[in-house]
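K.L.:
Structural data only, the sequence is not supplied:
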């Protein structure tokens with residue numbers, strides 16, 4: 001961190017955190033307008049984010065010439081650039097979609113290599129996800145936020161802030177586009193992680209619809225889920241945003257040096 005003027009500070013930092021989400025925990029099954037359909041999708045994930053950021057801070061109240069004369073309290077805003085490494089994961093179910101036990105049952109598995117939306121599959125030109133490519137684990141985001149800084153004593157400040165990271169990917173949760181025909185996915189695990197509605201209790205499932213997939217197997221799915229169709233949305237296609245809140249205690253190292261030098 002370095003202060004460049006009475007209002008401006010530059011900060012470079014590394015942060016590590018985990019994003020988590022679950023349809024059944026965040027959606028209401030009784031909400032027929034929207035929540036019911038997201039609940040029935042029954043997807044979940046975690047994503048451990050490693051983030052390196054460069055941020056420019058702008059204080060509302062101007063500081064005086066020296067650190068000793070800095071304001072006791074000031075709101076501030078910040079903006080910058082973030083590079084981050086991410087890797088969406090989910091826990092594998094006990095069985096695959098044909099009822100056979102999965103060796104990975106209960107384990108957290110990486111979702112990107114599975115291509116749950118057909119990223120590693122051969123799709124037809126008429127398929128909704130035709131032309132889809134694997135997403136990158138390395139991404140960039142634009143951070144924007146607000147905070148307040150409180151001077152505790154001559155050399156220590158307390159910061160509290162909230163910021164939003166506007167990303168250029170829609171795959172922090174491995175969900176973006178449409179369902180694909182389950183038969184095009186490579187392996188039982190990929191199929192089980194792509195379509196998970198059948199894991200819900202029977203009393204929360206509508207009548208299942210069997211269909212013969214392109215691999216020759218017959219799968220029973222909820223209408224609108226787990227099948228190739230332009231209207232069978234798996235995600236929203238909007239870019240992801242995540243929020244970071246932090247409380248930080250800073251110590252002015254140069255202040256101790258100057259005190260000793262001019263004493």
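P.N.:
Nice, thanks for sending it over. None of the values given here were measured: they were computed from a predicted structure. Residues are numbered from 1 along each chain as shown.

K.L.:
Run through the stretch 151-263 of the chain and note the low-pLDDT ranges.
P.N.:
The stretch 151-263 of the chain contains residues with pLDDT under 70 at 254-263.

K.L.:
what about residue 30, how many residues close to it?
P.N.:
For residue 30, the count of nearby residues is 8 (other CB atoms under 10 Å). All C-beta atoms are positioned from the backbone trio N, CA, C, and that covers glycine.

K.L.:
so which helix or strand takes in it?
P.N.:
Assigned by DSSP states H and E, residue 30 belongs to no helix or strand.

K.L.:
distance of it from residue 69?
P.N.:
59 Å (CB to CB, to the nearest Å).

K.L.:
try residue 97
P.N.:
The gap separating residue 97 from residue 69 is 68 Å, by CB to CB.

K.L.:
These two - which one has more neighbours?
P.N.:
Higher neighbour count among residue 97 and residue 69: residue 97, with 22 against 8, using other CB under 10 Å.

K.L.:
Next one, pLDDT for residue 103 please.
P.N.:
At residue 103, the model reports a pLDDT of 96.

K.L.:
List phi and psi for it.
P.N.:
Phi and psi for residue 103, reported as degrees, to the nearest 10, are phi -60, psi -30.

K.L.:
Can you tell me the number of residues neighbouring it?
P.N.:
Counted with other CB under 10 Å, the neighbours of residue 103 add up to 8.

K.L.:
What of residue 249?
P.N.:
That count, for residue 249 with other CB under 10 Å as the rule, works out to 9.

K.L.:
Ok, residue 166 next?
P.N.:
Per other CB under 10 Å, the neighbour tally for residue 166 reads 14.

K.L.:
is it true that it touches residue 141?
P.N.:
Yes. Using CB atoms under 8 Å, residue 166 is in contact with residue 141, at 5.9 Å.

K.L.:
quick one: the helices in the chain?
P.N.:
For the chain, the helices defined by DSSP state H cover 23-26, 35-41, 188-194, 253-262.

K.L.:
Could you list which residues are in contact with the nearest residue to residue 116 once chain neighbours are set aside?
P.N.:
Spatial nearest neighbour of residue 116, chain neighbours left out: residue 194 (4.0 Å); criterion: CB to CB, 6 or more residues apart in numbering. Counting by CB atoms under 8 Å, 6 or more residues apart in numbering, residue 194 touches 114, 116-117, 179-180, 182, 185, 226, 234.

K.L.:
mind checking how far residue 194 is from residue 6?
P.N.:
Using CB to CB, residue 194 is found at 55 Å from residue 6.

K.L.:
swap in residue 108?
P.N.:
48 Å.

K.L.:
Please apply the same query to residue 35.
P.N.:
50 Å.

K.L.:
Report how many residues lie close to the nearest residue to residue 213 once chain neighbours are set aside.
P.N.:
With sequence-adjacent residues excluded and distances taken as CB to CB, 6+ apart, residue 213 is closest to residue 183, at 3.0 Å. Residue 183 has 17 neighbours, counted by other CB under 10 Å.

K.L.:
again with residue 50
P.N.:
Neighbour tally, residue 50, other CB under 10 Å: 13.

K.L.:
That one - nearest residue in space that isn't next to it in sequence?
P.N.:
residue 85 (4.4 Å).

K.L.:
what's the spacing between the one you found and residue 132?
P.N.:
Distance of residue 85 to residue 132, computed by CB to CB: 22 Å.

K.L.:
These two: who's more crowded?
P.N.:
Neighbours were counted for residue 85 and for residue 132 using other CB under 10 Å; residue 132 has more, 19 against 14.
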